[in-house]
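# A predicted structure for the sequence below; I have some questions about it.
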Amino acid sequence: MSLVKSPRRTEKKLAATRRNQQLSHTPGGRERIRAALLRHGFDVQAEEVAMRALGEDPAQFHELLEELWAEWNPTGGFQEGLVIQLAQSTWLMNRAVRMQEGYAVRQAQDVNIGRVDRLHAKMMRLTITAESLGRLVHSIAKEHYVTTPTDLAKMKSLHEEGVLKEMGEIALALFYQLQPPGMGEDTIDRNEQARRALVRIKEIFGLDSDHPPQVNVAPGFRQPQESQQDAPGSVAPDFSPAQADLKVGPTATQEHDKRYPNITPAEWEARERPRQLLENILTRQVEACEAQRQALLKESLKGPSPYERAAEIAPTHPNALLMRRLQDSYFREIRRVANLLLKLKRYEHKMGSS
C-alpha cells in the first residue's frame, strides 16, 4: 500500500489528456513542438545528426517529446521550455543506462572469448596432474617400495605447483619417510656427501693419490665382492642349458632385500603402513583431479550461470562510477523539472478556478 495518495483523474482530465495527445500527433501539433524547439535554441537537424552518430533513432526522441507534450500540455513559453528540458533529461538518463549496459556487454564478450580456452587449459592441467599422480601410485603400489630420486623430484614439483594443496605436504613427508636409511631431505647419502667433500678439497689443493681415501661406511653396508670370473687364477663356471633350466631366479622381494640389505624385516613391516597411506592419498588425489575435470567439462558445455555472468560484468571500469553519477544526475534533473511543472499546473488550475 502506497503512503502517498495518487491524484484522482476525473473523466474531465482524462478527456483533456486524450484531446492533447490527438493535437500533439497532428501536423499542427508537431509544427508547434518544432517551433518551440527553435524558440528555445535547439537545432533539430543537428540533434538528429548527433543522435544517429551515437546509434540512436531521432524519431524515438520526437515520439517521447510528443508524449510528454500531450501529457503536460504546456501553456506559454516557460512551460514549453520545461517540457523540452524534461524530454532531454529523460533521454540522457536512458543514454547513461545504455552506456552502462553497453560496457557490460563489451566486458562479457571479452570474457567469452577466453572463457573456453581457460577452461580447456584447466582441464589439460588436471589431466597431466592425474597422469603424474597415477604413475606415482603405480610405483608405490609395489611391495617393499623405497623412494627413488625420480619419484621424489616429481612429488616436489607437484607440491610446488600447489595442485595437492594441504595433502601435498603430507605426501611429501611420507616420501621422505620411505627413503633408504641414511638419506636426508636432500636425498644424498651421508657417506656420499663426505666423499664428494673430500674430492672437492683435493681438487682445490691439488692433492692426488693412487689410493682413494677410506670412507666410513654405514652399518650393515657391504662392499660388492669380486666375482670369481674376474679373480686371477679362477676358472669360469660351466653353465650348461640343463643347469640353467634348474636354476630358479630371485623373487622381487629378494631383489629389494639385496638392494637394501641394511633394512631389516621388522623395518620393512614398519614401512608398510606409511606406504599404504601414501598410496591411498595419491589415489584419492587422482580421483579428485578427474572429478574436477568432469565438472569443468560440464561447465564448458553448459555455459556460464547467471551468477558467473553477473561477476564477469561487474563494473570495474574506472568510468563506471562516473556513468552511474550521470544517471543519478539526470534523474534528479527530471524530478526537479517535473515538480516545477506540477507547481505551475496547480497554480494555473487555482487561478482558473478562482
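Received, thanks. All values derive from a computational prediction rather than experimental measurement.

# which regions of the stretch 201-350 of the chain sit below the pLDDT cut-off?
201-258 (pLDDT under 70).

# please redo it, this time with the cut-off set to 50
The model of the stretch 201-350 of the chain has pLDDT under 50 over residues 209-249.

# For it, which segments count as helices?
Secondary structure of the stretch 201-350 of the chain by DSSP state H, counting those that start in this stretch: the helices cover 241-246, 252-259, 265-302, 306-312, 320-353.

# Tell me which of those helices lies nearest to Trp72.
Distance to Trp72, taken as C-beta to C-beta, is lowest for helix 320-353 among these, at 5.7 Å. The C-beta positions use only the backbone N, C-alpha and C, and glycine is treated the same way.

# Tell me the buried residues in the closest one?
320, 323, 326-327, 330, 333-334, 337-338, 341, 344 (16 or more other C-beta atoms under 10 Å).

# CSV for the helices of the stretch 201-350 of the chain, including distance to Thr148?
Below are the helices of the stretch 201-350 of the chain laid out as CSV (distance: least, C-beta to C-beta, whole Å):
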stretch, distance to Thr148
helix 241-246, 31
helix 252-259, 11
helix 265-302, 13
helix 306-312, 43
helix 320-353, 56
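
# follow-up on the earlier one: and of the buried residues of helix 320-353, the nearest to Glu287?
Distances from Glu287 to these, taken by C-beta to C-beta, are shortest for Ala320, at 42.9 Å.

# Spit out the contact partners of the closest one.
Ala320 makes contact with 100, 103 under the criterion C-beta atoms under 8 Å, 6 or more residues apart in numbering.

# Could you report the separation of it from Glu166?
38 Å (C-beta to C-beta, to the nearest Å).

# before we move on, what about Thr129?
16 Å.

# Looking at those two, which is more packed in?
Thr129 (20 against 6; other C-beta atoms under 10 Å).

# Correct me if wrong: that one contacts Leu158.
Yes - between Thr129 and Leu158 there is a contact under C-beta atoms under 8 Å: 6.8 Å.

# in what helix or strand does the residue nearest to the spatial centre of the chain lie?
Centroid-nearest residue in the chain, with C-alpha atoms, centre = their mean: Arg118, separated by 8.1 Å. Following DSSP states H and E, one finds Arg118 within helix 77-140.

# so what secondary structure elements neighbour that helix?
For helix 77-140, the packing partners by 3 or more C-beta pairs under 8 Å, 6 or more residues apart in numbering; DSSP states H and E come out as helix 27-39, helix 58-72, helix 149-161, helix 265-302, helix 306-312, helix 320-353.

# residues near Thr264, how many?
Neighbour tally, Thr264, other C-beta under 10 Å: 13.

# and if you look at the one 4 residues further on?
Taking other C-beta under 10 Å as the criterion, the count of residues near Trp268 is 17.

# correct me, but it touches His144?
Yes - in this structure, Trp268 is within contact of His144 by C-beta under 8 Å, at 5.9 Å.

# Ile84 versus the residue lying closest to Leu54 once chain neighbours are set aside, what's the distance?
Spatial nearest neighbour of Leu54, chain neighbours left out: Arg95 (7.5 Å); criterion: C-beta to C-beta, 6 or more residues apart in numbering. Per C-beta to C-beta, Arg95 is found 16 Å from Ile84.

# what about the helix holding Arg118, distance to the chain center?
Per C-alpha atoms, centre = their mean, to the nearest Å, the displacement of helix 77-140 from the mean C-alpha position of its chain is 13 Å.

# and if you look at stretch 157-170?
19 Å.

# Quick one: mean pLDDT for that stretch?
Stretch 157-170 carries an average pLDDT of 86.

# So which bits of it are buried?
For stretch 157-170, by 16+ other C-beta under 10 Å, it's 158-159, 163-164, 168.

# Can you add distance to Met123 and give the buried residues of helix 320-353 back as TSV?
Shown next, in TSV, are the buried residues of helix 320-353 (distance: C-beta to C-beta, whole Å):
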residue	distance to Met123
Ala320	33
Met323	37
Leu326	43
Gln327	41
Tyr330	47
Glu333	52
Ile334	51
Val337	57
Ala338	56
Leu341	61
Leu344	67
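
# what's the closest of those to Asn262?
Of all the buried residues of helix 320-353, Asn262 sits closest to Ala320, with 68.9 Å by C-beta to C-beta.

# Please tell me how far that closest one sits from Gly114.
Distance from Ala320 to Gly114, by C-beta to C-beta: 21 Å.

# do the same with Glu101
Taken as C-beta to C-beta, the span from Glu101 to Gly114 is 22 Å.

# same question, Glu290
Taking C-beta to C-beta, one finds Glu290 at 25 Å from Gly114.

# check contacts around Pro304.
Counted by C-beta under 8 Å, 6+ apart, Pro304 has contacts 115, 312.

# for it, phi and psi?
phi -70, psi 140 (degrees, to the nearest 10).

# circling back to that earlier point, would you check how far apart the residue nearest to the centre of the chain and Arg332 are?
In terms of C-beta to C-beta, Arg118 sits 42 Å off from Arg332.
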